[in-house]
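A.B. asks: test case, fold it:
(one chain, ligands or ions: 3)
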Amino acid sequence: MAPADLLSQHRLARPAALVFAALWTAGMLLLRAGEATQALSNFGLSVIALAAGLAALDRARLHGGADRRFWVFLGLAVLFWSAGQMVWTCYESVLGREVPFPSAADGGYLGLPPFAAAAMLSLPLAAPTVAGRVRTLLDGLMVAGSLLLCSWILVLGPVFRSGAEDVLTRTISLAYPIGDVVVITIVCYTWLRSRHAKRRLPVSLPLVGIGLLAFAVSDSGFTFLTTSGLYTSGSAIDLGWFLGFVLILLAALQPYDDQGAGQQPEEVTRPLGNLLPYAAVTVALLTSAAEVLRTSHADVFVSWIRTAIMLLLVVRQVLTLSENQFLTRNLEHRVQERTIELQASRQRFAALVQHSSDVVTVVDPAGTVTYQSRSVERVLGYRPEDLVGRSIYELSPDEEAPALRGALTHAAAEHLRIHTLQTSWRHGSGRLCRVEVTITNLLDNPDVQGLVLNARDVTDRVRLEEQLTEQAFTDSLTGLPNRALFKDRIQHALSRRTTGDATIAVMFMDLDGFKAVNDTLGHSAGDELLVEVAARLRAVVRPGDTVARFGGDEFAILLEEFPTGAYESELASRINDFIREPFDLGAERVHVAASVGIARMDEHARTAEQVLRNADLAMYQAKAAGSGGYVAFRPEMHAGLVERVRLESDLRRAVEREEFVVHYQPMISMRTGDITGVEALLRWQHPERGLIGPNDFVPVAESTGLIRPMGEWILRQACLQTARWQAENPSPTPLRVSVNVSPRQLHHGDLPELVSAVLQESGLAPDRLTLEMTESVLIDNREETLETLTTLHDMGVRLAIDDFGTGYSSLSYLHRFPVDVLKIDRSFVERLSNGGDTALVSTILRLGQSLHIETVAEGIERPQEMLMLRRQGCTTGQGFHFSPPVAAVDLGEMLHEQHRVDAPDERAPA
Ligand code: C2E
Ligand code: MG
Ligand code: MG
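C.D. replies: Ligands and ions are numbered 1, 2, ... in the order given. From the prediction side, this is the model:
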């Protein structure tokens, strides 16, 4: 049968047993006496004992090992008794006879005590220690002795003395009370042992224990009554037996929790259990004393048992005493061990605290030091005892104390709150240490009761940080502030400025000639020069002014609150002079100059950025103006520069992408009106701004040097185009082309090579090419220019002076340079028609004739101008009157048309 089935059966069986018990008891109480009671008692006891025995055996199947043995023994004990009771019932209630003594019933009854004892002793209740086991045994013996004493006085003795005839009868008579004593003893003993129960028991000990006690007490009562001849079946004594078996039955039917078995029971202390042997001894002694008083003589047996009990008591006391001593010693030993352990751990902790790089300090909320770790000696140079009792604020310099006070107050506000701060503490030697302090609130911790400060010396770290910061703000070569710090200083100056008109100025300085020093003498000489320049600058400014190096050969000076008037200009001039003084770099003596730009903080510069940019612009101007000067910023510089910078970058791109086109303006023979030549004029096809005229970009191209690639390009285009036109329109006097060249191109010596290469490439005859240049080229009177021009002239290329008359008044160059053409400037031509001075044009024309130089009139816009010029002998004209500059295709058309008109007549051109 599965345990679950058994359990369900048991669940029904318990109420059934209780109902049966209740009915039986009620019957017994109602019937009171007589044969009916006797029968009810006999049958009831037989049934209940049989049920209890079977239930116990059934229960045994649920368990294994010692637990099963317990239930089997208990079942057998009860079944034996029930068998005895059945025999008794047979005699008394079935056969209606007196039960003989001894009979088979006694055999059954007497089977209970040994099996019950075996069951109780098989419970796994061994004490953990030998002493414990001995003590339990002694206690058991004391209980047994006491019970024996009581039983002897009350039951055994009278039975013994009743003097039954034969030995068997006598033995059986005595076996009953002895069996009861054994059962009671064993129950008590088990109760004592259960103090040590190591695991959950397979039974409810109170149910079985009380059941057996009830049985044994009733049994003893029965023996006593029988001996006294007072017993009849169905008396109150029977209730005790019945109760005993009901309890055992209930115990066997008690639900058994498989899971719970083997679990550790809750620790139970049973003070009553400890007192039980003494209680038993007391009862026994009192009983024996009462007996002595009653009979006024002492039984020998009683004396012996008493003596034995006393002995047991003494042994038990001795054992307890020695056990206590042992325990005390053991305890002392353990306390000692624990103390040593604690001490060791405290020492370990102290060592840790002392040797840690942290200084551990405990202060009360007022800041008074209550504990100071040894490490303070190493870190801050104080002895701990010097600090304990003193205020922690004494370590702080005055200016740092409030911050520390604030931190302590903040930390103290909440239990376990942690606050970290960096502050300074005075070292024992007097110097200041930078410390990082972590404050932990352990005010509520009973062992600490304070604020714990973990302080770490971070002086080195902070110093390194400062060094790194310094590095980020200073120029490592000269030790001067760098751009970042300089800007910061300007900002500070701005924030300090209380009145709006207090003056702040920035100077920008750039060395002229530094690159040459670097290139020729090497970088170390360059560095030396920069250091020397820095020193001179520092010497020349006032102590409050800031000198900075921005990198390379750029320096800046911040002037604050300087005297009104021309202070900046004077200072700039002094700087120019100072720098102009020669520098001795080792064996070399070098000369450099300083270009200085000055900008004030005013309505044009409200921020550091703006004033720096303005000073830079001014410096740029100073540099452009020539070495060793200074320029103060003017607002126009900014607008011009922005435009210029944009144009410059655009132009660079335009050169790369060849965004240029050539327009051609015809040059007309004043005599015939034919196109004899063309002037190539550069146009820039700007992607956003459209077609741009040369006046808007040629100056920039000149200053940046871009004019050279541009000049080469237009020269090639013009020559190739002209050669093409010549081929298309053959004529005895082929078309000429004029190309403008800038001074920069001419100053570069390779122009003749370029021209000859282009001529060769295009197949154009040299005399068909005219190079136009302005007078300024010739005013320099440079030898190289003369050489270049001579070479070109010798090649056969014609040279023209463009915009003639607008330059120098001295025309001496006309004799020195090989000039072929004079192009009279448009301003003179204009005068011919607007009532101005006309004599000048005649003079120029005459001069040309006398020097055998061709004259070309530029900018002829009106017919009368053309007529007047022709009358005065001007050979060639150019201007809107004839045609504006046009694209190559259009000019090609014009040439084609002219060729078509000219050719049939075969008119000879001029
Ligand atoms: P330029 O060499 O004196 O060229 C004549 C300028 O006068 C041209 O201006 C032309 O368009 C303009 N012009 C011609 N006839 C008249 C007229 O009847 N009335 C008026 N008001 N103007 C007239 P553009 O093309 O703007 O060229 C200006 C200057 O740019 C040129 O003066 C020349 O010095 C320079 N230039 C042009 N192309 C180049 C070039 O390829 N290289 C160099 N270095 N300079 C160039
Ligand atoms: Mg020209
Ligand atoms: Mg011109």
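A.B. asks: which SS class is Q665?
C.D. replies: State at Q665, reduced to three classes by DSSP: H, G, I helix; E, B strand; the rest coil: strand.
A.B. asks: just checking, it touches G677?
C.D. replies: No. In this structure, Q665 is not within contact of G677 by CB atoms under 8 Å, at 9.6 Å. No exception for glycine: its C-beta is placed from N, CA and C like everyone else's.
A.B. asks: tell me which other helices or strands the helix ranked longest in the chain touches.
C.D. replies: The longest helix of the chain (DSSP state H) is helix 300-355. The contact analysis (3 or more CB pairs under 8 Å, 6 or more residues apart in numbering; DSSP states H and E) places helix 300-355 against helix 130-151, helix 271-295, helix 375-380.
A.B. asks: ok, and which of the ones you listed has the densest surroundings?
C.D. replies: helix 130-151 (a mean of 21; mean count of other CB atoms under 10 Å).
A.B. asks: can you list the neighbours in contact with the following helix or strand past that helix?
C.D. replies: Next helix or strand after helix 130-151 toward the C-terminus (DSSP states H and E): helix 157-161. By CB atoms under 8 Å, 6 or more residues apart in numbering, the surrounding residues in contact with helix 157-161 are 152, 170, 173-174, 176-177, 223-224, 227-228, 299, 301-302.
A.B. asks: coming back round to it: and of the helices and strands packed on helix 300-355, who's closest to N740?
C.D. replies: Smallest distance to N740 across the helices and strands packed on helix 300-355 (CB to CB): 83.1 Å, for helix 375-380.
A.B. asks: gap between the helix or strand following that closest one and the chain center?
C.D. replies: Downstream of helix 375-380, the next assigned helix or strand under DSSP H and E is helix 384-387. Remark: helix 384-387 is offset 39 Å from the chain centroid, using CA atoms, centre = their mean, to the nearest Å.
A.B. asks: what's the helix or strand following helix 384-387 packed up against?
C.D. replies: Using DSSP H and E, the helix or strand that directly follows helix 384-387 along the chain is helix 401-412. For helix 401-412, the packing partners by 3+ CB pairs under 8 Å, 6+ apart come out as strand 418-426, strand 432-442, strand 450-457.
A.B. asks: run the last query once more with 6 Å
C.D. replies: strand 418-426, strand 432-442 (3 or more CB pairs under 6 Å, 6 or more residues apart in numbering; DSSP states H and E).
A.B. asks: can you give me the distance of the closest residue to I178 other than its chain neighbours to Q372?
C.D. replies: Ranked by CB to CB, 6 or more residues apart in numbering and with sequence neighbours excluded, the top spatial neighbour of I178 is L156, at 7.0 Å. Distance of L156 to Q372, computed by CB to CB, to the nearest Å: 81 Å.
A.B. asks: burial measure for R483, as a count.
C.D. replies: R483 has 16 neighbouring residues, counting by other CB atoms under 10 Å.
A.B. asks: next: the one 4 residues further on.
C.D. replies: Using other CB under 10 Å, K487 has 19 neighbouring residues.
A.B. asks: out of the helices and strands packed on helix 300-355, which gets nearest to ligand 3?
C.D. replies: helix 375-380 (87.2 Å; CB to the ion).
A.B. asks: now do the closest one: distance to the chain's middle.
C.D. replies: For helix 375-380, the distance to the chain centre is 32 Å (CA atoms, centre = their mean).
A.B. asks: which elements pack onto that helix?
C.D. replies: strand 359-363.
A.B. asks: tell me the pLDDT at the residue in the stretch 501-650 of the chain that ligand 1 sits nearest to?
C.D. replies: Residue of the stretch 501-650 of the chain nearest ligand 1, by CB to the nearest ligand atom: L647 (15.3 Å). In this prediction, L647 carries a pLDDT score of 84.
A.B. asks: and it, what does it touch?
C.D. replies: Contact partners of L647, counting by CB atoms under 6 Å, 6 or more residues apart in numbering, are V700.
A.B. asks: quick one: secondary structure of T770?
C.D. replies: T770 - assigned by three-state DSSP - is strand.
A.B. asks: ok, it - how many residues close by?
C.D. replies: For T770, using other CB under 10 Å, the count is 22.
A.B. asks: let me see the contact set for it.
C.D. replies: 738, 798, 800.
A.B. asks: how about the residue most central in space within the chain: what's its closest non-neighbour residue?
C.D. replies: Centroid-nearest residue in the chain: T420, 17.9 Å away (criterion: CA atoms, centre = their mean). Spatial nearest neighbour of T420, chain neighbours left out: T438 (4.8 Å); criterion: CB to CB, 6+ apart.
A.B. asks: ok, back up a step: make a markdown table from the helices and strands packed on helix 300-355 and add mean pLDDT to it.
C.D. replies: Formatted as a markdown table, the helices and strands packed on helix 300-355 follow (pLDDT from 0 to 100):
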| stretch | mean pLDDT |
| --- | --- |
| helix 130-151 | 81 |
| helix 271-295 | 81 |
| helix 375-380 | 89 |
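A.B. asks: closest to V889 out of those helices?
C.D. replies: Among the helices and strands packed on helix 300-355, helix 375-380 sits nearest to V889 (CB to CB), with 92.0 Å.
A.B. asks: low pLDDT regions in the stretch 351-500 of the chain?
C.D. replies: Applying pLDDT under 70 to the stretch 351-500 of the chain picks out residues 354-355, 464-465, 468, 498-500.
A.B. asks: got phi/psi on S296?
C.D. replies: Main-chain dihedrals, S296, degrees, to the nearest 10: phi 50, psi 20.
A.B. asks: can you check D825 too?
C.D. replies: In this entry, D825 is assigned phi and psi values of phi -60, psi 150 (degrees, to the nearest 10).
A.B. asks: still on that earlier bit, can you pick the most crowded of the contacts of T770?
C.D. replies: S738 (25 neighbours).
A.B. asks: just to revisit the earlier point, wait, the residue nearest to I178 touches G179, no?
C.D. replies: No. Here L156 lies out of contact with G179, judged by CB atoms under 6 Å, at a distance of 11.0 Å.
A.B. asks: the more surrounded of these two?
C.D. replies: L156 (25 against 22).
A.B. asks: any idea how far the more buried one lies from ligand 2?
C.D. replies: Separation of L156 from ligand 2 (CB to the ion, to the nearest Å): 160 Å.
A.B. asks: V547 sits in which helix or strand?
C.D. replies: strand 546-551.
A.B. asks: got the contact list for that strand?
C.D. replies: Contacts of strand 546-551 (CB under 6 Å, 6+ apart): 475, 478, 480-481, 483, 486, 489, 537-538, 541, 555-558.
A.B. asks: with secondary structure added, can I get these in JSON lines?
C.D. replies: Formatted as JSON lines, the contacts of strand 546-551 follow (three-state DSSP):
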{"residue": "D475", "secondary structure": "coil"}
{"residue": "T478", "secondary structure": "coil"}
{"residue": "L480", "secondary structure": "coil"}
{"residue": "P481", "secondary structure": "strand"}
{"residue": "R483", "secondary structure": "helix"}
{"residue": "F486", "secondary structure": "helix"}
{"residue": "R489", "secondary structure": "helix"}
{"residue": "L537", "secondary structure": "helix"}
{"residue": "R538", "secondary structure": "helix"}
{"residue": "V541", "secondary structure": "coil"}
{"residue": "F555", "secondary structure": "strand"}
{"residue": "A556", "secondary structure": "strand"}
{"residue": "I557", "secondary structure": "strand"}
{"residue": "L558", "secondary structure": "strand"}
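A.B. asks: including distance to L571, could these go into TSV?
C.D. replies: Putting those into TSV (distance: CB to CB, whole Å) gives the following:
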residue	distance to L571
D475	21
T478	19
L480	17
P481	18
R483	21
F486	17
R489	17
L537	10
R538	13
V541	7
F555	13
A556	13
I557	8
L558	12
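A.B. asks: so where does Y371 fall, helix or strand?
C.D. replies: When elements are assigned from DSSP H and E, Y371 belongs to strand 369-372.
A.B. asks: can you check S842 too?
C.D. replies: Following DSSP H and E, one finds S842 within helix 839-851.
A.B. asks: what is that helix packed up against?
C.D. replies: Partner elements for helix 839-851 (3+ CB pairs under 6 Å, 6+ apart): none found.
A.B. asks: where in the stretch 601-750 of the chain is pLDDT low?
C.D. replies: 626-627.
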